[in-house]
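> Here is a sequence with its predicted model. Questions after.
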Amino acid sequence: MNFSALIEYIASTPLTWILLTLCAFKLGIIIYEKTNKHALFQPIIIAYVIIIPVLLVTNISYEEYFSSVEVIHFFLGPATVALALPLYKNITYIKSLFGPILLTLIIGGTFSIISATWILWLLDAQLSTILSMTTKSITAPIAVITSAQIGAIPSLALGFIIITGVVGALFGNIVFKVMKIKSDVSKGFALGLTSHAIGIARAMEISDKATAFGALGMGLFGIFTAIFLPIIIHLIL
């Protein structure tokens, strides 16, 4: 039996990578719950720890892997839209805070982009790397399209997105305690604005109101970035 040919056949089958991705994430959920939902053991982190070594061993490129699991990526859109339910339940309260929400979105979102890109500029990073950092705080489906429009590297942008989400989930509660922020609304909006879906997963552990405002922060900042970032980049460059 040709073992190498068998491995090559298995690696070339999309079903293999779909099953691996789902199983890795499920294992991540189990570990996350067993560790009392410690931020460092977010399911997505565990999934990447499992999947990346397998890709390296089998010599499968990111492009090949992504094309195999594209059906999973497709469902990111509907999953994001499903976050509209907690928003709907809190729509009256959201309307009453329209002014502060808009102000926080513009100031917080702009500072988030400028501060991160400024650090890379100081480190003499390449332009494509700096541009890839600009989409770090928006959800993956929007970031992939936006990064391609501004001349960034989509795969690198996704890497920055994951790191940003993990850092936000890991240190978010610490920052809230240091800054003495007790409002679930503020916590949720901050997590959604800066740490997208991973931040919302953390907000879900706080309260339904935090989840609603986390979804609002992620959605509004995604729209804000997708519309204005390409315009600003093209004007500057």
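Ah, there it is.
> what's the pLDDT at P43?
The per-residue pLDDT reported for P43 equals 86.
> Checking the spatially closest residue to it that is not a sequence neighbour next. Helix, strand or coil?
Sequence neighbours aside, G28 is the residue nearest to P43 in space, at 3.2 Å (criterion: CB to CB, 6 or more residues apart in numbering). C-betas here are computed from N, CA, C, even on glycine. Secondary structure, DSSP: H, G, I helix; E, B strand; the rest coil: G28 is helix.
> Domain parsing of this structure, as residue ranges.
Residue ranges for each domain of the chain read 1-73, 83-237, as given by automatic domain parsing.
> can you pull the contacts of the residue nearest to P43?
Contact partners of G28, counting by CB atoms under 8 Å, 6 or more residues apart in numbering, are 41-47, 50.
> if I look at it, how far off is I44?
G28 sits 7 Å away from I44, taking CB to CB, to the nearest Å as the criterion.
> Now the helix or strand hosting V166: buried residues?
Assigned by DSSP states H and E, V166 belongs to helix 154-178. Neighbour-count burial for helix 154-178, counted by 16 or more other CB atoms under 10 Å, picks out 154, 156-162, 164-170, 172-173, 176.
> Same check on stretch 47-64?
47-48, 50-51, 55, 58, 60.
> Stretch 107-115 now?
Quick answer for stretch 107-115 (16+ other CB under 10 Å): 108-109, 112-113.
> Adding secondary structure, write the residues you listed out as TSV.
TSV is the format used below for the buried residues of stretch 107-115 (three-state DSSP):
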residue	secondary structure
G108	helix
G109	helix
S112	helix
I113	helix
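> so who does S147 touch?
131-132, 134-135, 153-154, 157.
> Of the residues you listed, which is the most crowded?
Among those, the one with the most neighbours (other CB atoms under 10 Å) is T135, at 31 neighbours.
> Please report phi then psi for it.
Per-residue torsions, T135: phi -100, psi 20 (degrees, to the nearest 10).
> Same check on A47?
phi -60, psi -40.
> sorry, back to before: between the domains of the chain, which has the poorest mean confidence score?
Minimum mean pLDDT among the domains of the chain: domain 1-73, a mean of 82.
> Pull the CA coordinates from stretch 47-62 and hand them back as PDB.
Provided in PDB are the C-alpha atoms of stretch 47-62 (Å, rounded to 0.1, in the frame of the first residue of the first chain):
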ATOM      1  CA  ALA A  47      -8.500  25.100  17.000                       C
ATOM      2  CA  TYR A  48      -5.600  27.000  15.500                       C
ATOM      3  CA  VAL A  49      -3.100  25.200  17.800                       C
ATOM      4  CA  ILE A  50      -4.400  21.900  16.300                       C
ATOM      5  CA  ILE A  51      -5.000  22.900  12.700                       C
ATOM      6  CA  ILE A  52      -1.800  24.900  11.900                       C
ATOM      7  CA  PRO A  53       0.700  22.000  12.800                       C
ATOM      8  CA  VAL A  54      -1.400  19.600  10.600                       C
ATOM      9  CA  LEU A  55      -1.200  22.100   7.700                       C
ATOM     10  CA  LEU A  56       2.500  22.300   8.100                       C
ATOM     11  CA  VAL A  57       3.000  18.600   8.300                       C
ATOM     12  CA  THR A  58       0.900  17.900   5.300                       C
ATOM     13  CA  ASN A  59       2.400  20.800   3.400                       C
ATOM     14  CA  ILE A  60      -1.000  22.300   2.600                       C
ATOM     15  CA  SER A  61      -1.000  26.000   1.800                       C
ATOM     16  CA  TYR A  62      -3.500  28.400   3.400                       C
END
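> quick one: which of the buried residues of stretch 107-115 is nearest P78?
Closest approach to P78 among these (CB to CB): G109, at 24.7 Å.
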